[in-house]
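Participant: Got a sequence here, can you build the structure:
(chains A, B, C and D)
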Protein chains: 4
Amino acid sequence: MTKQMSATELAAYLEEIFPQVHGDFVVEDLSADEMVMRLRVQERHLRPGGTVSGPSMFGLADCAAYAMILSRIGQQALAVTTNSSIDFMRKPAAGADILASCKLLKLGRVLAVCDILMHSEGSENAVARATMTYSIPPAR
Amino acid sequence: MTKQMSATELAAYLEEIFPQVHGDFVVEDLSADEMVMRLRVQERHLRPGGTVSGPSMFGLADCAAYAMILSRIGQQALAVTTNSSIDFMRKPAAGADILASCKLLKLGRVLAVCDILMHSEGSENAVARATMTYSIPPAR
Amino acid sequence: MTKQMSATELAAYLEEIFPQVHGDFVVEDLSADEMVMRLRVQERHLRPGGTVSGPSMFGLADCAAYAMILSRIGQQALAVTTNSSIDFMRKPAAGADILASCKLLKLGRVLAVCDILMHSEGSENAVARATMTYSIPPAR
Amino acid sequence: MTKQMSATELAAYLEEIFPQVHGDFVVEDLSADEMVMRLRVQERHLRPGGTVSGPSMFGLADCAAYAMILSRIGQQALAVTTNSSIDFMRKPAAGADILASCKLLKLGRVLAVCDILMHSEGSENAVARATMTYSIPPAR
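Facilitator: Residues are numbered from 1 along each chain as shown, chains lettered A, B, ... in the order given. The predicted model follows:
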């Protein structure tokens, strides 16, 4: 399996199609089967008590899977999430970014499946784990 | 099963503990086993193409489940999401709010499970369905 | 949406393609959007303590969704499960069959999504809830 | 984290409390954080076409998670599955056993979460991936 986009090309493309995520999500590392994405935690990502909210972690997992898939199929902005399951296992550390390690488990003709494990930076234990399934539009 | 809070009390409590959601989520209706919550769709909830994003729908389902559970157990801000699965089934209508119908399937000693069906206002078909499991802190 | 098969035709077709389920699963009721399937509980469906096992309830939900989808698309034995989430909420009653109410939430070109709520016969509370997503093979 | 039971003790205990699984599930390997369990594929595990059925893979994932958790908390037969999500990604190879690699992601006071990746023996690609959440009964 070969990459269609480098980490730099991918970051530029994400910013072009998702201008509102600018500054939130950063591609840290990208290989053929795995990528690492950072959530730069800001005030709007927190829930009462000061920890990162569930929807913010869901958004990180969703963006990581989308970017991982695009890095392999090229610029097809129309891939859409069809299913997700997510387990929240520990409270994220206060004042730390979240790092998501995303693995591509399947890249089929119509469906792609990614597994995402999330940690607070500087901590070993997973705060959350997600699976994201994307539907891939037919090639034109 | 009896309600601990009315729709008005619930709305006031949510605004107190989640000031950042002010204006996004509105309790439309509340009975002992079901509630309806509205997502007032704004620019920041959209993805490219102008439809409501996945993370916004996840956030709506999460907030609806949280509010449904609090309406039954009273003010316990510390209930936390432990698991969620969500299916995105249709593209939300452009320019329409999303309405979430939340049913309480189980309210146990340590876990509560809610089922949430989401529609675009004015449309019959479901855009998404979610299950949310919350862990309930031990009573003090 | 119209039915392609009656409850009787569906039962006959299931028995033809799944001879090993003979006697386990019974179509109780079938309309355009919902079906009810019974698990005739037998010794091999039980776990220690005498209640119905998780894999047996998963099998019931899977078979109910498969039958619901076939009743609408006709005899296409090749539809396959791609994803499922299931919540086990209460202990099934001892010595009672399980009834699954299956709703078709989406029937798309490539994916179908069903929601299944399961009860012990004679009891009102749900023992489990499942979502099943099936991939539909391209029409020949 | 230390093990409470060796692979041999675990196998003996499983056989004692789950006599009906005798011969189906085999503990292949066990360390503090991971175990490998084999499904000895037999006629009753197959679906039409000769591949391993979804419910059989669900049963394998469920048993692997149960055994992994028991190996850590000791003999507490009453741990029960509360939630599972499973993705079926590829057709299992015909005539091959299925091997499940189970990782313990969280072992909390009331909930334990396992991640399970399944392969056909002799093949590298995952056929399915599951998450299993177990509720742990209060210690007596």
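Participant: Flag every buried residue along stretch A:121-128.
Facilitator: For stretch A:121-128, burial by neighbour count (16 or more other C-beta atoms under 10 Å in any protein chain shown) applies to A:126-128. Every C-beta, even on glycine, is put in place using the N, C-alpha and C of the backbone.
Participant: and that stretch with chain B, contact?
Facilitator: No. Between stretch A:121-128 and chain B, judged by C-beta under 8 Å from any C-beta of the partner chain, nothing touches; the nearest distance is 9.7 Å.
Participant: pLDDT on the helix ranked longest in chain A, on average?
Facilitator: If you go by DSSP state H, chain A has its longest helix at helix A:54-73. For helix A:54-73, mean pLDDT is 94.
Participant: and that helix, how far out from the chain's middle?
Facilitator: In terms of C-alpha atoms, centre = their mean, to the nearest Å, the centre of helix A:54-73 is set 3 Å apart from its chain centre.
Participant: does chain B sit close to it?
Facilitator: Yes. Applying C-beta under 8 Å from any C-beta, one finds helix A:54-73 touching chain B at A:54-56, A:58-59, A:62.
Participant: Let me know the angle separating that helix from helix B:54-73.
Facilitator: Interaxial angle, helix A:54-73 versus helix B:54-73 (axes from the mean of the first three to the mean of the last three C-alpha atoms, to 10 degrees): 160 degrees.
Participant: quick one on the thing from earlier: which two of the residues of helix A:54-73 next to chain B have the greatest separation?
Facilitator: Maximum pairwise distance among these (C-beta to C-beta): 12.3 Å, between A:54 and A:62.
Participant: What distance do you get for the residue nearest the centre of chain A to residue A:43?
Facilitator: With distances taken as C-alpha atoms, centre = their mean, residue A:64 lies nearest the centre of chain A, 1.5 Å away. For residue A:64, the distance to residue A:43 equals 22 Å [C-beta to C-beta, to the nearest Å].
Participant: Over to residue A:124?
Facilitator: Residue A:124 sits 26 Å away from residue A:43, going by C-beta to C-beta.
Participant: again with residue A:138
Facilitator: Distance, residue A:138 to residue A:43, by C-beta to C-beta: 41 Å.
Participant: for residue A:81, same thing?
Facilitator: To residue A:43, residue A:81 is 26 Å away according to C-beta to C-beta.
Participant: And these two? Which one has more around it.
Facilitator: It is residue A:81, of residue A:81 and residue A:43, that has more neighbours when counted by other C-beta atoms under 10 Å in any protein chain shown, with 24 against 7.
Participant: Span of stretch A:84-97 from start to end?
Facilitator: End-to-end distance for stretch A:84-97: 22 Å, by C-alpha to C-alpha, to the nearest Å.
Participant: before we move on, what about stretch A:36-43?
Facilitator: End residues of stretch A:36-43 are separated by 22 Å (C-alpha to C-alpha).
Participant: repeat for stretch A:74-82
Facilitator: Start-to-end, stretch A:74-82 (C-alpha to C-alpha) is 19 Å.
Participant: now what about that stretch, what contacts it?
Facilitator: If you take C-beta atoms under 8 Å, 6 or more residues apart in numbering or on different chains as the criterion, stretch A:74-82 is touched by A:4-5, A:13, A:17, A:62, A:65-66, A:69-70, A:73, A:111-112, A:132-137, B:48, B:54, B:87-89, C:111, C:133.
Participant: Mind checking which of those are buried?
Facilitator: Neighbour-count burial (16+ other C-beta under 10 Å) applied to those gives A:5, A:13, A:62, A:65-66, A:69-70, A:73, A:111-112, A:132-136, B:54, B:87-89, C:111, C:133.
Participant: Spell out which residues of chain A are next to chain D.
Facilitator: Chain A has residues A:85, A:87, A:89-90, A:105-106, A:108, A:113, A:115, A:126, A:129, A:131, A:133 near chain D, with proximity defined as C-beta under 8 Å from any C-beta.
Participant: Mind doing that once more with 6 Å?
Facilitator: Applying C-beta under 6 Å from any C-beta of the partner chain, one finds that chain A approaches chain D through A:85, A:87, A:89, A:105-106, A:113, A:126, A:131.
Participant: For those, work out which two are farthest apart.
Facilitator: Most distant of the residues of chain A next to chain D, by C-beta to C-beta, are A:89 and A:106, 23.7 Å apart.
Participant: Could you list the low-pLDDT ranges of chain A?
Facilitator: Residues of chain A meeting the criterion pLDDT under 70: A:1-2, A:20, A:77, A:139-140.
Participant: give me the residue from it nearest chain D.
Facilitator: Proximity of chain A to chain D (C-beta to the nearest C-beta) peaks at residue A:85, 3.6 Å away.
Participant: what pairs with the closest residue in space to that residue that isn't next to it in sequence across the strands?
Facilitator: Computed as C-beta to C-beta, 6 or more residues apart in numbering or on different chains, the closest residue to residue A:85 that is not its neighbour in sequence is residue D:85, at 3.6 Å. Beta bridges link residue D:85 to residue C:85, residue D:131 when assigned by DSSP bridges.
Participant: I'd like to know how many residues surround residue D:85.
Facilitator: Residues near residue D:85, counting by other C-beta under 10 Å, number 26.
Participant: Does it touch residue A:83 like I think?
Facilitator: No. Look at residue D:85 against residue A:83 with C-beta atoms under 6 Å: they stay out of range, at 8.8 Å.
Participant: Run through the residues of chain A sitting next to chain B.
Facilitator: Contact residues (C-beta under 6 Å from any C-beta) of chain A with chain B: A:17, A:48, A:54-55, A:58-59, A:62, A:81-88.
Participant: Tell me the buried residues in stretch A:24-35?
Facilitator: Here stretch A:24-35 shows A:24-27, A:30, A:35 as buried, counting by 16+ other C-beta under 10 Å.
Participant: Can you show me the strands along chain A?
Facilitator: With DSSP state E as the criterion, chain A has strands at A:25-30, A:34-39, A:80-88, A:98-107, A:111-120, A:126-135.
Participant: What is the neighbour count of the residue lying closest to residue A:128 once chain neighbours are set aside?
Facilitator: Leaving aside its chain neighbours, residue A:128 sits nearest to residue A:118 (4.5 Å; criterion: C-beta to C-beta, 6+ apart). Residue A:118 has 26 neighbours, counted by other C-beta under 10 Å.
Participant: Show me the beta-bridge partners of residue A:118.
Facilitator: Going by DSSP bridges, residue A:118 forms beta bridges with residue A:100, residue A:128.
Participant: show me what contacts it?
Facilitator: Residues near residue A:118 by C-beta atoms under 6 Å, 6 or more residues apart in numbering or on different chains: A:57, A:98, A:100, A:127-128.
Participant: And the furthest pair within the residues you listed?
Facilitator: Maximum pairwise distance in the contacts of residue A:118, criterion C-beta to C-beta, is 9.9 Å, between A:100 and A:127.
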